[in-house]
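Undergrad: give me the fold of what follows.
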Amino acid sequence: QVQLVESGGGLVQPGGSLRLSCAASGRTFSIYVMGWFRQAPGKERELVAAIASGGTTNYADSVKGRFTISRDNAKNTVYLQMNSLKPEDTAVYSCAARRLINSKYEYWGRGAQVTVSS
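TA: Numbers count the residues shown, from 1 in each chain. Down below sits the predicted model:
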């Protein structure tokens, strides 16, 4: 079992930056693929970025060049650095974890609100 807790959300002006953190419980954090998802009101949840245990990353086209996902396995934490934020980035951001053998994410955090507005 893995428990995930996000932090770092908030209100930011367009063009600003925020860093989200996701702290995970458990001793096997390093084996999990970690993902950041977001869901805006009235929209489906989408995968924003993911990082494998070895550090390989992938991003949604809408955030490439602006967002960076990283992980610190010693701290059981995954981060999402968000730069050049736009109003359309406003959403609840959740982190999730899955084992490599699974195609679906197994564990989810409760989410953190990110609001981009002037």
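Undergrad: got the contact list for the residue nearest the centre of the chain?
TA: Nearest to the geometric centre of the chain sits residue 36, at 2.5 Å (C-alpha atoms, centre = their mean). By C-beta atoms under 8 Å, 6 or more residues apart in numbering, residue 36 lies in contact with 20, 22, 47-50, 69, 78, 80, 93-96. Backbone N, C-alpha and C define where each C-beta goes, glycine included.
Undergrad: restricted to strands, list these.
TA: Residues from those lying in strands, with DSSP state E as the criterion: 20, 22, 47-50, 69, 78, 80, 93-96.
Undergrad: which of the contacts of residue 36 are buried?
TA: Buried by 16 or more other C-beta atoms under 10 Å: 20, 22, 48-50, 69, 78, 80, 93-96, out of the contacts of residue 36.
Undergrad: want to try CSV for those residues, with pLDDT and distance to residue 30 as columns?
TA: Compiled in CSV, the buried ones among the contacts of residue 36 are given as follows (pLDDT from 0 to 100; distance: C-beta to C-beta, whole Å):
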residue, pLDDT, distance to residue 30
20, 98, 20
22, 97, 14
48, 98, 21
49, 98, 18
50, 98, 15
69, 98, 15
78, 97, 11
80, 98, 18
93, 98, 22
94, 98, 21
95, 97, 15
96, 97, 16
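Undergrad: and the residues you listed, which is closest to residue 63?
TA: When the buried ones among the contacts of residue 36 are compared for distance to residue 63, the smallest value, 5.6 Å, is given by residue 48; criterion: C-beta to C-beta.
Undergrad: residue 30: what secondary structure?
TA: Assigned state for residue 30: helix (three-state reduction, DSSP: H, G, I helix; E, B strand; the rest coil).
Undergrad: ok, and the closest non-adjacent residue to it?
TA: Residue nearest to residue 30 in three dimensions, not counting chain neighbours: residue 73, with 4.1 Å by C-beta to C-beta, 6 or more residues apart in numbering.
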